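Asker: what shape does this take:
(chains A and B)
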There are 2 protein chains.
Amino acid sequence: MLIYLAVAVETLVVKMSFIEYASRISKIVDEFIMNTIRGIPSTLYEAALHYLRAGGKRLRPLIVVLGARIVGGDEDIAIPGAASVEVLHTFTLVHDDIIDKDELRRGVPTVHKIWGSDMAIVAGDLLYAYSYRCLLRALERGVPVERVNKAIDILTDAAITVAEGQALDMLLPSMQNVSINDYIEMVKKKTAALFASSIAIGATLAGGDEKLTAILKESMINAGIAFQIRDDILGLIGDEKTLGKPIYSDLREGKMTLLVIYAYSKIDDESRARMKRVLGNRNATLEDLQDVANIIRNSGAIEYADSLAEEYALKAIRLSEEIESRDNEALQMFRDVIKFMVKRNY
Amino acid sequence: MLIYLAVAVETLVVKMSFIEYASRISKIVDEFIMNTIRGIPSTLYEAALHYLRAGGKRLRPLIVVLGARIVGGDEDIAIPGAASVEVLHTFTLVHDDIIDKDELRRGVPTVHKIWGSDMAIVAGDLLYAYSYRCLLRALERGVPVERVNKAIDILTDAAITVAEGQALDMLLPSMQNVSINDYIEMVKKKTAALFASSIAIGATLAGGDEKLTAILKESMINAGIAFQIRDDILGLIGDEKTLGKPIYSDLREGKMTLLVIYAYSKIDDESRARMKRVLGNRNATLEDLQDVANIIRNSGAIEYADSLAEEYALKAIRLSEEIESRDNEALQMFRDVIKFMVKRNY
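Answerer: Residues are numbered from 1 along each chain as shown, chains lettered A, B, ... in the order given. This is a model prediction of the structure:
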């Protein structure tokens, strides 16, 4: 066990080998997106492009491109897919922010905060359609129609799964005795599915074989779970400036994060009652939220969540080691992206 | 002019030749939809299927199937496309009802009324994804991948255009001096685009040539405009029981319907002021709304709207007369559907 942990720590030292490449891909993808998402009325398009202009990690587009490269493809043919998943992701952010009543994202006011919930609903819907429009443009780059259709199939599955995950996330707080297993099932759908689909869309556009694509997907499901657990942790102890959004909003919304589920199982009745009074209570004061954050911290939930996230990340990396690729640089970046997903501060 | 009108009246006698066929297609399409849209959590799926179970005219699926038949194809291969546009249409209803705060649709409480706006947003998103899932299933029926891809392209254009139209519909009330032209442009996007895409998806799945498809689309754009004008009229003078939804909700929402735009241009300042006080006012009483409805009726707006709708419908029919098809029955039903679109009471 001690040896295993030592390996774990060694393996998960984050190397930002991909930062420069990610930044280059991000520019290309953004240009592609801005050239694709154009139209009137301008109010609608301003609302739709708001988060895309405000920044973001562009992690999913990078994963699409790496998927194409790992199976031996060219980065060029993956750009429409990369744009497509980023636009789909952005659509989910716009709608989720309405649902969670969040007011800040990427350091700017949320779409519904500026344009109202009604316009935000339509702006999200518009982005959704454009995620398909982006992907269809792969045909212009000579990608065979069969591959484009297969990628559309994957995108569609992802969209269905993400909606199911979002609904589960909303339903968990009203369920009795939510288990860690329930949480993982929810996160697989809400978060991991789009990461898995990203690598699969890249691999598919590049004509990768099914077995290799399946391993890449499985790796990204594990990495995606780790990513969401890290998200839960950052939502409690992250730095608001670095994150570009307020912490404690999960608590205010009453979300069943891994931290809450773990804390519930470890604390005494009195603390549990204090937590239940605050979670999901829109009138909770900052003091109330800090009190609950302390209860959670003192329960050991952060350490537990950290180690569980690491376990999933290590599984993702081990899966990546089953992969053979002529593009060693891409494979190395893929592993470094996984490490970043579980160790990031933003 | 007199002769022209006589022809018009003659041409627009509604023959419900398609009723039996529509009912058969409706059953097949519903079965296809119910077999496709399955999953968990059940709350989400119940919300998503709510309107589809509550009834509806299934006009768009019928148009998809007629599109396929008119270009010489089989109705079977059009069913996935027919399901796809009905599901897309249903998604727009779910989101529109949130935006318009409508409480009744197809005789049942709206999705957001039962499950809340948050779940309704996600249920709409889920349906959106399933509209692609339905269309992709055309591959199972041996439709060549190129045609399916082209149909996906049309569906995506429709989704973008409908979102633009919905945004325009929301923005018009805050614009100064909305013209009938502005209204028609909005309606083309909000309503006519999906009708045009329906016929085009059917024709495309069946391998119809581009020129023929273009005429069919143009015909449906005109019929779609007529359909929406009729919708505006029914929203003022329709029978609530037959409609399955309350009248006057356009007035309460302050929508710039054709009737309102026309009345504004014809009435005196005092009446205009009375209208402006009520339109978009959520505190307006039924008496207020009835007063405004009377002002609109007395302005001659209904007669104007009726004749404009008829003009568009006649243009649609004239375009259909340019079409040659071996399937005369389908072409006849297509024309009868157009007449129904402009003369319907529900």
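Asker: okay, buried residues for the helix or strand hosting A:Leu52 please.
Answerer: Per DSSP states H and E, A:Leu52 falls inside helix A:42-54. With burial defined by 16 or more other C-beta atoms under 10 Å in any protein chain shown, the residues of helix A:42-54 counted as buried are A:Thr43, A:Leu44, A:Tyr45, A:Ala47, A:Ala48, A:Leu49, A:His50, A:Tyr51, A:Leu52. Any C-beta I mention is one placed from the backbone N, CA and C, and that applies to glycine too.
Asker: could I get those residues as a markdown table with pLDDT and distance to A:Gly124?
Answerer: Output for these, formatted as a markdown table (pLDDT from 0 to 100; distance: C-beta to C-beta, whole Å):
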| residue | pLDDT | distance to A:Gly124 |
| --- | --- | --- |
| A:Thr43 | 98 | 14 |
| A:Leu44 | 98 | 11 |
| A:Tyr45 | 98 | 13 |
| A:Ala47 | 98 | 9 |
| A:Ala48 | 98 | 8 |
| A:Leu49 | 98 | 12 |
| A:His50 | 97 | 11 |
| A:Tyr51 | 97 | 10 |
| A:Leu52 | 96 | 13 |
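Asker: for chain B, state which of those residues is nearest.
Answerer: A:Leu44 (3.8 Å; C-beta to the nearest C-beta).
Asker: pLDDT score assigned to the residue lying closest to the closest one once chain neighbours are set aside?
Answerer: Distance criterion C-beta to C-beta, 6 or more residues apart in numbering or on different chains; nearest residue to A:Leu44, sequence neighbours excluded, is B:Ala167 at 3.8 Å. In this prediction, B:Ala167 carries a pLDDT score of 98.
Asker: how many neighbouring residues does B:Ala167 have?
Answerer: 29 (other C-beta atoms under 10 Å in any protein chain shown).
Asker: now for whatever helix or strand it lives in, which elements pack on it?
Answerer: In the assignment (DSSP H and E), B:Ala167 maps to helix B:145-171. Applying 3 or more C-beta pairs under 8 Å, 6 or more residues apart in numbering or on different chains; DSSP states H and E, one finds that helix B:145-171 contacts helix A:42-54, helix A:111-136, helix A:145-171, helix B:79-100, helix B:111-136, helix B:180-187, helix B:193-205.
Asker: point out the residues in the stretch 151-300 of chain A that sit beside chain B.
Answerer: Contact residues (C-beta under 8 Å from any C-beta of the partner chain) of the stretch 151-300 of chain A with chain B: A:152-153, A:155-157, A:159-160, A:163-164, A:166-168, A:170-171.
Asker: can you put the residues you listed in JSON lines and add distance to A:Asn35?
Answerer: Below are these laid out as JSON lines (distance: C-beta to C-beta, whole Å):
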{"residue": "A:Ile152", "distance to A:Asn35": "20"}
{"residue": "A:Asp153", "distance to A:Asn35": "25"}
{"residue": "A:Leu155", "distance to A:Asn35": "19"}
{"residue": "A:Thr156", "distance to A:Asn35": "24"}
{"residue": "A:Asp157", "distance to A:Asn35": "27"}
{"residue": "A:Ala159", "distance to A:Asn35": "23"}
{"residue": "A:Ile160", "distance to A:Asn35": "28"}
{"residue": "A:Ala163", "distance to A:Asn35": "28"}
{"residue": "A:Glu164", "distance to A:Asn35": "32"}
{"residue": "A:Gln166", "distance to A:Asn35": "29"}
{"residue": "A:Ala167", "distance to A:Asn35": "34"}
{"residue": "A:Leu168", "distance to A:Asn35": "36"}
{"residue": "A:Met170", "distance to A:Asn35": "35"}
{"residue": "A:Leu171", "distance to A:Asn35": "39"}
